[in-house]
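[1] structure for the following, please:
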Amino acid sequence: MPKKTYHIITFGCQMNVHDSHWLAGVLTKRGFAQAPAESAGVILLNTCSVREKPEQKVLSALGRIRQITGGSSDVLVGVLGCVAQQLGDALFEKSSQVRLIVGTDGLAGAPQAIEDLLLNPRQRLSLLDFTRHYVEREDGETSSPVPSAHVTIMQGCDNFCTYCIVPFTRGRQKSRTTEAILGECRTVLGRGTREITLLGQNVNAFGQDKSGDGTTFSQLLGRVASLPGLARLRYVTPHPKDMGEGDIRDFARLPQLCPRLHLPLQSGSDQVLSRMRRGYTRSDFLTLVDRLRKARPDLALSTDLIVGFPGESEEDFEDTLNTMRECAFMSSFSFCYSDRPGARASLYPDKVPSPVAQERLLRLQSLQEDLASRWLQGRVGQETRLLIEHPSPKQECASSTSWQGRDPYGTPVHVHLPPQKDHTGCMVDATITLAKKHSLMAVCPGTP
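    A predicted model of the protein is given here:
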């Protein structure tokens, strides 16, 4: 039997990162040890199909695995996640080392499937069926307390935006029960976590499906915020069209809810938004931003943007740039549009030439760099409170130790703290002294 060691390679979104972390914890609890890919008996690829050429990236990764393992049949390779759901059993033909394929609803069964396959070296398994309800997962092992943890509240999406493959790879929306969510939150808080981020493809539609138990997203936020030991609460990702009055009011009524919101715009053009089937206009989005900032004046926004959507004109693109300026996004994730199998926009004929889309993307990212720099510079001199995560990569002072924490906006902040102490998970007051390109420097009272 191959040795009980594992290596996980993760592509894509925050939910994939969270899934991989959970899987690692469960495998460790079952007696597996983490190992480099070169010596692992089990290698798992957790895949993402949202961005361009996901199949090619997975095939390239399988080729690299074959190279570093010498193609050994003793190595169990599994492909998990969205590309696994998309390609299904065809992945068995891509590499003889692949013996496990796990779709997005099959992840809960992956640990047992891995153990079964290790006992049966000639067997292959695929877990690709969508479930009608969210399947709860076993608790994994956590080696040490983590200051910040993620808790999934739902899976899938019912929106079917014309550019998006998520409803086809993650399935239809399925909410977890409120008690299951609260139970997991209590567990991580009991391990020393101070900050929780709630995860889902469309979090503010929580409970609005057949799996819902009657609890709204705003009600869920209130119950999580009241849990003992919680200092900070965040969530990703909301949909602008589904943010109701309660979601807006939460930023004023819940002190634990951080003043940072990732609010996907995708485009600032009404014509493009309509073809994307986003369900809101540019004016709707700006009105929502205004209402959110009235509820929480210090609210900072980040966003997602797609450049070069089919039919996007220069005027449409300029509308996006102008909307970015009006919203003053602190950061954004931006990409050129690419066709996704099954998504309606893949059938649209009026594709934007790649050189045009690339040139627009560079202009957009240049604007975002200016907006981000302006936001970071505006923080200098402000007092803040940091949740310390780990030592900074570089130690710059002999008499103290540099640590990295995050402020309520999620920005990395480096601060010198007294040596001979583990500050992980501590909350410290600080004053911002310097803005760098992607982070801040700060000082604490009484610390040189």
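[2] what's the neighbour count on the closest residue to residue 20 other than its chain neighbours?
    Nearest in space to residue 20, with sequence neighbours left out and distances taken as Cβ to Cβ, 6 or more residues apart in numbering, is residue 10 at 4.4 Å. For glycine as for every other residue, the C-beta is placed from the backbone atoms N, C-alpha and C. Using other Cβ atoms under 10 Å, residue 10 has 20 neighbouring residues.
[3] ok, what's across the strand from residue 10?
    Going by DSSP bridges, residue 10 is paired in beta bridges with residue 46.
[4] quick one: pLDDT of it?
    pLDDT for residue 10: 90.
[5] from now on call the first residue 9
    Sounds good: first residue 9 from here, last item residue 18.
[6] quick one: it from residue 337, how far?
    According to Cβ to Cβ, to the nearest Å, residue 18 and residue 337 sit 26 Å apart.
[7] kindly confirm my reading that residue 175 is in a helix.
    Yes: the assignment for residue 175 by DSSP: H, G, I helix; E, B strand; the rest coil puts it in a helix.
[8] I'd say it and residue 182 touch.
    No: the criterion here is Cβ atoms under 8 Å, and residue 175 misses it with residue 182 at 11.8 Å.
[9] so what sits against both of the two?
    Common neighbours of residue 175 and residue 182, counting by Cβ atoms under 8 Å, 6 or more residues apart in numbering, are residue 164.
[10] these two - which one has more neighbours?
    residue 182 (22 against 18).
[11] quick one: contacts for the more buried one?
    By Cβ under 8 Å, 6+ apart, residue 182 lies in contact with 139-142, 162-164, 217-219.
[12] kindly provide the distance from it to residue 117.
    16 Å.
[13] what residue ranges in the stretch 9-158 of the chain score low on pLDDT?
    9-10, 59-60, 149-152 (pLDDT under 70).
[14] show me the helices in it, by range?
    22-37, 62-77, 90-95, 118-127 (DSSP state H, counting those that start in this stretch).
[15] okay, those, which one's buried deepest?
    Burial of the helices of the stretch 9-158 of the chain is given as mean neighbour count (mean count of other Cβ atoms under 10 Å); helix 90-95 ranks first at a mean of 25.
[16] from the contact counts, what lies against that one?
    strand 50-55, helix 62-77, helix 174-177 (3 or more Cβ pairs under 8 Å, 6 or more residues apart in numbering; DSSP states H and E).
[17] and the closest residue to residue 389 other than its chain neighbours, what element?
    Nearest in space to residue 389, with sequence neighbours left out and distances taken as Cβ to Cβ, 6+ apart, is residue 440 at 6.4 Å. Residue 440 belongs to strand 435-443 when assigned by DSSP states H and E.
[18] other residues contacting the helix or strand following that strand?
    Moving toward the C-terminus from strand 435-443, the next helix or strand (DSSP H and E) is strand 448-451. Residues outside strand 448-451 that contact it (Cβ under 8 Å, 6+ apart): 384, 387-388, 392, 394, 415, 419-424, 438-443.
[19] again, 10 Å this time
    Contact partners of strand 448-451, identified using Cβ atoms under 10 Å, 6 or more residues apart in numbering, comprise 384-385, 387-388, 390-392, 394, 400, 404, 410, 413-415, 417, 419-424, 436-443.
[20] filter the residues you listed down to the ones in strands?
    391-392, 394, 410, 413-414, 420-424, 436-443 (DSSP state E).
[21] can you flag the buried ones in those residues?
    Buried members of these, scored by 16 or more other Cβ atoms under 10 Å, are 392, 394, 410, 413-414, 421-424, 436, 438, 440, 443.
[22] return the member of those nearest to residue 301.
    residue 392 (18.9 Å; Cβ to Cβ).
[23] count of residues packed around the residue lying closest to the closest one once chain neighbours are set aside?
    Once flanking residues are discounted, residue 392 sits nearest to residue 415: 4.5 Å by Cβ to Cβ, 6+ apart. For residue 415, the count of nearby residues is 22 (other Cβ under 10 Å).
[24] just the buried residues from the contacts of residue 182, in PyMOL please.
    Restricted to buried positions by 16+ other Cβ under 10 Å, the PyMOL selection for the contacts of residue 182 reads:
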select buried, resi 139+142+162+163+164+217+219
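[25] can you pick out the most distant pair from the contacts of residue 182?
    140 and 162 (13.8 Å).
[26] just checking, what packs against the longest helix anywhere in the chain?
    Counting by DSSP state H, the longest helix found in the chain is helix 362-385. Applying 3 or more Cβ pairs under 10 Å, 6 or more residues apart in numbering; DSSP states H and E, we find helix 362-385 packed against strand 308-315, helix 322-335, strand 339-344, strand 435-443.
[27] most tightly surrounded among those?
    Counting by mean count of other Cβ under 10 Å, strand 308-315 has the highest mean neighbour count of the helices and strands packed on helix 362-385, with a mean of 21.
[28] just checking, what packs against that one?
    Counting by 3+ Cβ pairs under 10 Å, 6+ apart, strand 308-315 packs on strand 268-270, helix 290-303, helix 322-335, strand 339-344, helix 362-385.
[29] between the longest one and strand 308-315, how many degrees?
    Interaxial angle, helix 362-385 versus strand 308-315 (axes from the mean of the first three to the mean of the last three Cα atoms, to 10 degrees): 170 degrees.
[30] now helix 362-385: buried residues?
    364-365, 368-369, 372, 375-376, 379-380, 383-384.
[31] please work out the average pLDDT along that helix.
    If you average the pLDDT over helix 362-385, you get 98.
[32] please save the CA atoms from it in PDB.
    Presented in PDB, the C-alpha positions along helix 362-385 are these (Å, rounded to 0.1, in the frame of the first residue of the first chain):
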ATOM      1  CA  SER A 362      -7.500  40.100 -27.400                       C
ATOM      2  CA  PRO A 363      -5.000  43.000 -28.000                       C
ATOM      3  CA  VAL A 364      -7.800  45.500 -27.300                       C
ATOM      4  CA  ALA A 365      -8.900  43.700 -24.200                       C
ATOM      5  CA  GLN A 366      -5.300  43.400 -22.900                       C
ATOM      6  CA  GLU A 367      -4.700  47.100 -23.500                       C
ATOM      7  CA  ARG A 368      -7.900  48.000 -21.600                       C
ATOM      8  CA  LEU A 369      -6.900  45.700 -18.700                       C
ATOM      9  CA  LEU A 370      -3.600  47.500 -18.400                       C
ATOM     10  CA  ARG A 371      -5.300  50.900 -18.300                       C
ATOM     11  CA  LEU A 372      -7.800  49.600 -15.700                       C
ATOM     12  CA  GLN A 373      -5.100  48.100 -13.500                       C
ATOM     13  CA  SER A 374      -3.100  51.400 -13.700                       C
ATOM     14  CA  LEU A 375      -6.100  53.300 -12.400                       C
ATOM     15  CA  GLN A 376      -6.500  50.700  -9.600                       C
ATOM     16  CA  GLU A 377      -2.900  51.200  -8.600                       C
ATOM     17  CA  ASP A 378      -3.500  54.900  -8.200                       C
ATOM     18  CA  LEU A 379      -6.700  54.400  -6.200                       C
ATOM     19  CA  ALA A 380      -5.000  51.800  -4.000                       C
ATOM     20  CA  SER A 381      -2.000  54.100  -3.400                       C
ATOM     21  CA  ARG A 382      -4.200  57.000  -2.500                       C
ATOM     22  CA  TRP A 383      -6.200  54.900  -0.100                       C
ATOM     23  CA  LEU A 384      -3.100  53.500   1.600                       C
ATOM     24  CA  GLN A 385      -1.500  57.000   1.900                       C
END
